[in-house]
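Asks: generate coordinates for the sequence data below:
(one chain, ligands or ions: 1)
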Amino acid sequence: MLTKEEIISALASVTGPDGHTRLPDSGALSDIMISGARVAFSITGDPSRAAALEDVRLAAERAVKALPGVSTVLVTLTAERPAQAATPSSRPSGQPARMRGGPAQGRTPIVGVGRVIAVASGKGGVGKSTTAANLALALAGEGLRVGILDADIYGPSMPRLFGLKGKPEVTPARVIRPLEAYGLKIMSMGFLVSEETAMVWRGPMVAGAVQQMLREVAWEPLDVLVVDMPPGTGDAQLTLAQSIALAGVVIVSTPQDLALIDARRGVEMFRKVGAPILGIVENMSMFICPSCGARHEIFGHGGARREAGRIGVPFLGEIPLELALRETSDSGRPIVVSEPASPITAAYREIARRVKEALI
Ligand code: ADP
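Replies: So this is what the prediction gives:
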């Protein structure tokens, strides 16, 4: 069994980013994640010294790879964030820089990305990914440069939602070029490995892969990066939320009581890590019968709006249960671009305007 101590002692032979302190003593080394024979960690440094940092990264990778019992080493570089560079919206006033339990060095901005927002849900199947995709397109319609990071590694939806199949290129500088659709930059683990492969990954590997997609992808220049979070409010989501300097979070919920309870847990979790809640979207809010026009409130409409009021977070809007939404999502033509005159597109645009106002 590999231990952190063995890895730290192997890393003692590597000089840290300042050029003289040993890496383990330099303050630049993140926590070390071990999963079987795989090891992942990150090194923080000044992005203006990227070439020197890359040397440190390679030396660290070599040192750990040389240990018996190690099969794969994933070392990522993260940019240093000076305390005064924190954006007001990413850290509410009075909030300490180092969040409880969170690796402060991980909460660094992503080079060339203005704001990162997360789309989250308390549980799966509530329409989180559909909302993330259409919200991103509606934000682009507001004149912003937008990207989507599909962080739902066990069930990536973006390849299907955008009808994307190819593999992203890796540049000679080892940066991954995101795929593009409808003017958005899109990155998903679904482009790189099969769902079956991702299924057998353990938590630390997933966390490493998400960090790599955040920081080793050519996102620049973007005004907003929308992160489609894995569903739920467990440890994996918490770790991810702690590692990104989030400018805000959109919670998606259906109006059912059970989904609302889960959404409430999501709100609590993001509050705990100091990420501002931009608001709640009620999805599958009601069903309008296409033949008779009657309105059916299958899941009891309005629950999310009431809940938002009760827990003091903004209500961003509601999206009905609509066959066209499922069909356009499943055929890779999101409704905001394929049916621009639809009332649902208008509802996503309104949500996007509210999100944009809250961000800027
Ligand atoms: P999640 O990301 O929460 O797991 P998805 O966005 O993948 O959920 O949605 C789950 C399924 O529900 C998909 O087939 C999607 O097309 C469908 N869906 C989502 N929102 C709606 C809606 N408002 N009306 C009809 N179908 C929807």
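
Asks: the stretch 101-250 of the chain: strands as residue ranges?
Replies: Here the stretch 101-250 of the chain has its strands, by DSSP state E, counting those that start in this stretch, at 113-120, 146-150, 179-181, 184-188, 222-228, 248-253.

Asks: which helices and strands sit right next to the first one?
Replies: What it means is strand 113-120. helix 128-141, strand 222-228, strand 248-253, helix 257-272, helix 343-359 (3 or more CB pairs under 8 Å, 6 or more residues apart in numbering; DSSP states H and E). No exception for glycine: its C-beta is placed from N, CA and C like everyone else's.

Asks: can you get me a residue count around the nearest residue to residue 33 once chain neighbours are set aside?
Replies: In space, and not counting its chain neighbours, residue 33 is closest to residue 204: 3.2 Å by CB to CB, 6 or more residues apart in numbering. Here the number of neighbours of residue 204 (other CB atoms under 10 Å) works out to 21.

Asks: residues from the protein in reach of the ligand?
Replies: 121, 124-130, 157, 231, 283-284, 319, 321-322, 325-326, 329-330 (CB under 6 Å from any ligand atom).

Asks: mind checking which of the residues you listed are buried?
Replies: By neighbour count, with 16 or more other CB atoms under 10 Å, those hold 121, 126-130, 157, 231, 283-284, 319, 321-322, 325, 329 as buried.

Asks: from the residues you listed, which two are the most distant?
Replies: Considering CB to CB, no two members of those lie farther apart than 231 and 322, which are separated by 21.0 Å.

Asks: mind putting the helices and strands packed on strand 113-120 in CSV, mean pLDDT included?
Replies: Below are the helices and strands packed on strand 113-120 laid out as CSV (pLDDT from 0 to 100):
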stretch, mean pLDDT
helix 128-141, 97
strand 222-228, 96
strand 248-253, 94
helix 257-272, 82
helix 343-359, 95
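
Asks: in this structure residue 177 contacts residue 169, no?
Replies: Yes - assessed by CB atoms under 8 Å, residue 177 is found in contact with residue 169 at 4.7 Å.

Asks: in the stretch 1-150 of the chain, what residue spans correspond to helices?
Replies: With DSSP state H, counting those that start in this stretch as the criterion, the stretch 1-150 of the chain has helices at 4-11, 50-65, 128-141.
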